[in-house]
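**Student:** Got a predicted structure plus its sequence, pasted below:
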Amino acid sequence: MELPPRLSRGVEVILPVTQVVQAHPESATNAEAADAKRLLRLRVPVIVKLAERRMRLDEIMKLTAGAIIEFDKPAEAPLDLMVSNVAIGAGDVVKVGENFGLRITRITRPEDTIRALGGESR
């Protein structure tokens, strides 16, 4: 199993190996299990996407401090949870002390997440 090139800095994510290895334990060899363990220790960027909008470049060039960009997404709509720019779930904004967080309301199956990130899932 070839590992992806170095990814940009982001939030550290450590997932339990059992999610991948237990998906098909009868077909996992020792080498595959070791590869899965190494893969699951990779650090990948975790992104919470507020909204998305396409704008013309001339509009972007006119943006200044204090400008407001309006999005079509309602303020109460769930935010997308993304890993390496791939949506893997959604959730609601919560306050955690002085910071904000995401309470996950929907998450993909581990196999679907691996497939979406370009890995294999049998």
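**Tutor:** All right, it came through fine. Numbers count the residues shown, from 1 in each chain.
**Student:** Helices of this structure, residue ranges please.
**Tutor:** Ranges of helices within the chain are 18-21, 30-39, 57-61, 110-116, based on DSSP state H.
**Student:** residues contacting residue 52?
**Tutor:** residue 71 (Cβ atoms under 8 Å, 6 or more residues apart in numbering). For glycine as for every other residue, the C-beta is placed from the backbone atoms N, C-alpha and C.
**Student:** Tell me the span between the first and last residue of stretch 48-66.
**Tutor:** The first residue of stretch 48-66 is 22 Å away from its last residue (Cα to Cα, to the nearest Å).
**Student:** now that stretch, how far from the centre of its chain.
**Tutor:** Relative to the centre of its chain, stretch 48-66 is centred 22 Å away, using Cα atoms, centre = their mean, to the nearest Å.
**Student:** Any regions of this structure where pLDDT drops low?
**Tutor:** Counting by pLDDT under 70, the chain contains low-confidence residues at 1-28, 119-122.
**Student:** hey, which strand is longest across it?
**Tutor:** strand 86-96 (DSSP state E).
**Student:** okay, that one in PDB with CA atoms only?
**Tutor:** Provided in PDB are the C-alpha atoms of strand 86-96 (Å, rounded to 0.1, in the frame of the first residue of the first chain):
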ATOM      1  CA  VAL A  86     -13.500  15.400   0.800                       C
ATOM      2  CA  ALA A  87     -16.900  15.600   2.700                       C
ATOM      3  CA  ILE A  88     -17.200  12.900   5.200                       C
ATOM      4  CA  GLY A  89     -20.000  14.200   7.400                       C
ATOM      5  CA  ALA A  90     -21.900  17.200   8.700                       C
ATOM      6  CA  GLY A  91     -22.700  18.800  12.000                       C
ATOM      7  CA  ASP A  92     -23.800  21.800  14.000                       C
ATOM      8  CA  VAL A  93     -21.700  24.500  15.500                       C
ATOM      9  CA  VAL A  94     -21.200  24.400  19.300                       C
ATOM     10  CA  LYS A  95     -19.300  26.600  21.700                       C
ATOM     11  CA  VAL A  96     -16.500  24.800  23.600                       C
END
